[in-house]
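Enquirer: Okay, here's the prediction I keep looking at, along with the sequence it came from:
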Amino acid sequence: MDDHNSDLRISVLASSSSGNTTYIETPKRKMLVDAGLSGKKIAALMDSIGRSLADVDTLLVTHEHTDHIKGVGVLARRYGMDVYANAKTWQAMGPKIGKVPNEQKHIFEMGKALSFDDLDVESFGVSHDAIAPQFYEFHHNGRSFVILTDTGYVSEQVAGVIKNANGYLFECNHDVEMLRAGWYPWPLKQRILGDKGHLSNEDGGNALMDVIGNATKRIYLGHLSQENNVKELAHLTIAQMLEANDFGVDHDFKLLDTDPAVADPLVSI
């Protein structure tokens, strides 16, 4: 299946509270979503899946936090990528990423859809403590993939937009008890637990139950906090929640882990 040249293909190159970037590929487009690691690290991750940054033509940005934009300026300048973000995010991230040539800067407004040759991309707003955070759903050849990794909750409206996608990269940032018992100062704990913070493992499981459909085949658990979560705990918590509600984990769909430093294989969605 992965050799079909008509497929929508993805690799979660890195996902954690320390850096995020995802690669999306169709026959006519090669795209990154976020660049929250150094250009050198992202280049190495791309090499590990048999792809080159030199072939990436487009970079979409979700919001201005460092773990999503650290490498944006470097990649734009070095590889001439077209960079897309909404106007408020451009305003907020501009001083952090250095100069990007005007011809490479593009606006992708929240709630809008843009077509990139054979890849249609829909943006949707989320509840997070950035200036205007938005995530994306990708459509190609009847297939769809959703990225949603930084939000305090998933509204009914967002759930309706992203329902029954073929694949998801979905946040399960923290275990609530680990966060409460951990070393973070209380204001930061409040921020993470709040409506503009991050989804816990339980929140992620509940939100997934609202959006999984018959078409859903792959779910990647992403943006895990390296201080307040562990991969095995997130996976077990969400698998048990879904199974308890009669979802066919690893039968109807695969539940997959992501890593801060190791790319997931390039697969067709």
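Expert: Nice, thanks for sending it over. Numbers count the residues shown, from 1 in each chain.
Enquirer: can you pull the contacts of H139?
Expert: L8, L119, D120, V121, E122 (C-beta atoms under 8 Å, 6 or more residues apart in numbering). C-beta: built from backbone N, CA, C; applies to glycine.
Enquirer: So what does it look like in phi/psi?
Expert: phi -130, psi 130 (degrees, to the nearest 10).
Enquirer: how far away is it from S11?
Expert: Using C-beta to C-beta, to the nearest Å, H139 is found at 18 Å from S11.
Enquirer: check contacts around the nearest residue to D257 once chain neighbours are set aside.
Expert: Spatial nearest neighbour of D257, excluding adjacent residues (C-beta to C-beta, 6 or more residues apart in numbering): K231 at 5.1 Å. K231 makes contacts with L221, L224, D257, D259, as judged by C-beta under 8 Å, 6+ apart.
Enquirer: Now do the third one, the pLDDT please.
Expert: By that I understand D257. What the model reports as pLDDT for D257 is 98.
Enquirer: and the host helix or strand of D67, how far from the chain's centre?
Expert: D67 belongs to helix 66-69 when assigned by DSSP states H and E. With C-alpha atoms, centre = their mean, to the nearest Å as the basis, helix 66-69 stands 12 Å off its chain's centre.
Enquirer: elements contacting it?
Expert: Judged by 3 or more C-beta pairs under 8 Å, 6 or more residues apart in numbering; DSSP states H and E, helix 66-69 is in contact with helix 87-97.
Enquirer: Just the buried residues of the helix it packs on, please?
Expert: For helix 87-97, burial by neighbour count (16 or more other C-beta atoms under 10 Å) applies to K88, T89, W90, A92, M93, I97.
Enquirer: and if you look at stretch 108-128?
Expert: 108, 110, 114, 116, 119, 121-128.
Enquirer: I'd like to know how far the residue nearest to E243 when sequence neighbours are not counted sits from T216.
Expert: In space, and not counting its chain neighbours, E243 is closest to V249: 5.4 Å by C-beta to C-beta, 6+ apart. Distance, V249 to T216, using C-beta to C-beta: 11 Å.
Enquirer: And those two? Which one has more around it.
Expert: Using other C-beta atoms under 10 Å, the more surrounded residue of V249 and T216 is T216, with 21 against 17.
Enquirer: Checking my notes, the more buried one in a helix, right?
Expert: No: counting by DSSP: H, G, I helix; E, B strand; the rest coil, T216 is not part of a helix but coil.
Enquirer: quick one: pLDDT of it?
Expert: 98.
Enquirer: Let me see the contact set for the residue nearest the centre of the chain.
Expert: Nearest residue to the geometric centre of the chain (C-alpha atoms, centre = their mean): I147, 4.0 Å. Contact partners of I147, counting by C-beta under 8 Å, 6+ apart, are T22, V33, T62, F135, Y136, E137, Y168, L169.
Enquirer: what's the spacing between the residue nearest to E243 and I238?
Expert: Computed as C-beta to C-beta, the V249 to I238 distance reads 8 Å.
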